[in-house]
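In: The following block contains a protein sequence and its predicted model.
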Amino acid sequence: MDARLEDPAAVQIVAEPREAARGRRHLLWWRLASIALFCGAWEIAGRVPINLAFPTFSATVAAFAEMVRDGSMLKAYLLTLQPLIIGLVVSAVVGISVGVAMGLRKSVEWMAAPVFIVLQAAPVAAVIPMVTFVYGIGLTAKVISVCLLALPVIVLNSYKAVANVNPSLINMCRSFLGSRWQQILKIILPDASPVIFAGLRLGISAGFIGIILAELLITPTGIGDLITYHRAVANYAHMYAAIASIIVFSAATLSLLQWVEERWIRPEKKRS
Amino acid sequence: MNMRITGPRGPLMAGLIILASLGWSGVASAASQVRVAFGDIATVESLNFLIALERAKERGVDVEVTFFKSEDIAAQAVVSGDADIGVGTPYALVQKVKAPIRMFYQMSALRFFPIVNTEYYKTWKDLDGQEIAVHSRGSGTEAIMKLMAQKNGITYSNISYVPGSEVRAGALLQGNIKASIVDSTNKKLIMEKAPGKFAVLPMEGVNATDEALYANTDFLKEQSEAVEVLVEELLKTWREINANPKVVADLRKKYNLLADLPADLEGEVVPYYEESVATGAFPSNGGDEAAAKDDFAFYALAGQIEGDPASLKVADFWTFEPLKNAQAKVGTQ
């Protein structure tokens, strides 16, 4: 007879992964059901219709497929992603560096905190047209629009993360005669990383808002152009397809970032 | 004050609120007020329309104008019943969405001016293989430039989109773009700021509606009297302006329109209307079937209308009944 079956603790250990797998399957079904419910409600709302300009879900999917086939969707994404990626990389590098510096040094905090707090509170859609006065209507203006939205969130989260590091961990480092660099690299940054990552995710979603605002308010390019053009020529299914695609793309990017964080950078998060 | 719907009366109250909100749109559209949706802010260029509206008000038509951010949003307001009359050219909306709206008055014809930097180009042929800038994809400015390219047997290397005549005028003056198309106000501005540096390319045979009035077909039937009064006043005002563009400044003062207009813009009122009248921007008879057919050809090129323009029926887009009734009273020119 298998020894594990005689030991209640061992049985529990074997049972737990099965429970977890069943739970995950349940969760997957609930998620799929939620998506199906949303798509079904959309289809019905389009067939009623709630508005003449509101397309059905199936017409939107067909419009999406058409734009993928004729290459306009891919072309639009390539144009939108260029300022978005540049803006997000700049925001991530500058944002985390400035935020961490603010958390480590009071002088930097006093100098930079008010700027980013004001920027975070500002209604950026009203500021973007001003960007065009200084930087024109090209790539720079769009990158700046992305940074305007993404940077404050990343900076302030990184700053709060570093400022709120557990003091007893720092004291422990001191009592082990750790240098300032060891303190930063081995204690402060690892302890602050969950909040820094949360800030990074929020910053990326803000960056998506920034690029679409820029493409709608400055010059219509990429996805902003698809939305503006199809609205102007009353191809509403195509317009909704462009809007829905950028929402799904943004959500998928954030999920991917979370997966990368759990899989490669902070595997302990998943276990906990 | 905090109000909570609780107890057995809760569902009843909630039901009443839902019924009230559902009934709201019906009550609003049944009112005799005529709600006009204008897809732009009120500027010097909309003074003629505002004057005609004031005159319709004097004759007892209760007009209320709402200014929207764009023509698309104004059109949506008309389609959803939040407004009665819209201003624009909703050909795409009528054809593709089958919206039950019809245009009934042609207010202005498209008047744009292709402008080139003479350092680089002097004629249409010079633009072969070159880059130009227009308002947006599917816009009238793009259609004009494409039409002229067809007529002159040239192709552009690239068309870039820069929304706003004033933005394109600024970019031309700064040298960021070398060929574009702007409205009459900005053409004048460019010629004044950099005399001799730019040239207007000749443009013939481009006839299309810039702004028309449109409304729901039900509204046109139910409020036919109010619509006819409005159309009569539009015809009279347009003819008065065509005969003497200077009258706009006097009428602006009389009806106290755009009261907070800055002094430098005030000086632009008469020149703008003189130039527009000279280029025939304001039709004296409010449009006709021939003008609608010209629109089909033009807006098909712009991508607004699908299919062969020759096979389209004017009655699917326009109704000339209010115009004919008004013309019977004020005559034609």
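Out: Looks like it came in fine. Numbering: from 1, shown residues only, chains lettered A, B, ... in the order given.

In: what residue ranges in the chain score low on pLDDT?
Out: Chain wasn't specified; assuming chain A. Applying pLDDT under 70 to chain A picks out residues A:1-17, A:267-272.

In: right idea, wrong chain: chain B
Out: Applying pLDDT under 70 to chain B flags the ranges B:1-31.

In: Chain B contacts on the stretch 1-150 of chain A?
Out: Within reach of chain B by Cβ under 8 Å from any Cβ of the partner chain, the stretch 1-150 of chain A has these residues: A:51-53, A:136-137. In this view, the C-beta of every residue, glycine as well, is placed from N, C-alpha and C.

In: again, 7 Å this time
Out: Contacts of the stretch 1-150 of chain A with chain B, taken as Cβ under 7 Å from any Cβ of the partner chain, map to A:51-53, A:137.

In: how much space between the spatially closest residue to A:Thr80 that is not a sequence neighbour and B:Ala169?
Out: Distances taken as Cβ to Cβ, 6 or more residues apart in numbering or on different chains place A:Gly222 nearest to A:Thr80, at 3.2 Å, with adjacent residues excluded. For A:Gly222, the distance to B:Ala169 (Cβ to Cβ, to the nearest Å) stands at 25 Å.

In: do the same with B:Trp318
Out: Applying Cβ to Cβ, the value for B:Trp318 to B:Ala169 is 33 Å.

In: Give me the phi and psi for the residue nearest to A:Thr80.
Out: Dihedral angles of A:Gly222 (phi, psi; degrees, to the nearest 10) stand at phi 50, psi -130.

In: Surely it touches A:Leu79?
Out: Yes: here A:Gly222 reaches A:Leu79: they are 3.6 Å apart, a contact under Cβ atoms under 7 Å.

In: higher neighbour count, those two?
Out: A:Gly222 (25 against 18; other Cβ atoms under 10 Å in any protein chain shown).

In: What segments of chain B are helices?
Out: Counting by DSSP state H, one finds helices in chain B at the ranges B:9-30, B:47-58, B:71-79, B:91-96, B:140-152, B:165-174, B:184-193, B:217-222, B:224-243, B:247-254, B:263-266, B:269-278, B:289-301, B:321-330.

In: give the contact list for the residue of the stretch 1-150 of chain B found nearest chain A.
Out: Proximity to chain A, evaluated over the stretch 1-150 of chain B using Cβ to the nearest Cβ, is greatest for B:Ala92 at 3.6 Å. Going by Cβ atoms under 7 Å, 6 or more residues apart in numbering or on different chains, B:Ala92 touches A:233-234, B:304-305.

In: Likewise for A:Ala206?
Out: A:Ala206 makes contact with A:149-150, A:153, according to Cβ under 7 Å, 6+ apart.

In: so what's it closest to, chain neighbours aside?
Out: Nearest to A:Ala206 is A:Leu149, by Cβ to Cβ, 6+ apart, at 4.1 Å.

In: neighbours around the one you found, how many?
Out: Counted with other Cβ under 10 Å, residues neighbouring A:Leu149 total 27.

In: Distance of the residue nearest the centre of chain B relative to B:Asn244?
Out: Central residue check for chain B by Cα atoms, centre = their mean: the C-alpha nearest the mean position is that of B:Glu211, 2.8 Å away. Using Cβ to Cβ, one obtains 22 Å as the distance from B:Glu211 to B:Asn244.

In: before we move on, what about B:Ser165?
Out: On the measure of Cβ to Cβ, B:Ser165 and B:Asn244 end up 26 Å apart.

In: now A:Leu256
Out: Distance of A:Leu256 to B:Asn244, given as Cβ to Cβ: 67 Å.

In: between the two, which one's more packed in?
Out: Neighbour count, other Cβ under 10 Å: between A:Leu256 and B:Asn244, B:Asn244 has more, with 13 against 10.

In: Phi first, then psi, for that one.
Out: B:Asn244 adopts backbone torsions of phi -150, psi 90, taken as degrees, to the nearest 10.

In: show me what contacts it?
Out: For B:Asn244, the contact set (Cβ under 7 Å, 6+ apart) is empty.

In: which strands and helices sit next to the longest helix along chain A?
Out: Looking across chain A with DSSP H, the single longest helix is helix A:8-47. With contacts taken as 3 or more Cβ pairs under 7 Å, 6 or more residues apart in numbering or on different chains; DSSP states H and E, helix A:8-47 sits against helix A:3-6, helix A:57-69.

In: one more time with 10 Å, if that's ok
Out: Applying 3 or more Cβ pairs under 10 Å, 6 or more residues apart in numbering or on different chains; DSSP states H and E, we find helix A:8-47 packed against helix A:3-6, helix A:57-69, helix A:236-260.

In: And those helices: which comes nearest B:Arg59?
Out: With Cβ to Cβ as the criterion, B:Arg59 lies closest to helix A:236-260 of those, at 38.1 Å.

In: Could you report the neighbour count for the residue of chain A found nearest chain B?
Out: Chain A approaches chain B most closely through A:Ala234 (3.6 Å), counting by Cβ to the nearest Cβ. Residues near A:Ala234, counting by other Cβ under 10 Å, number 24.

In: Now find how far off-centre the longest helix of chain A is within its chain.
Out: The chain centre lies 24 Å from the centre of helix A:8-47; the measure is Cα atoms, centre = their mean, to the nearest Å.
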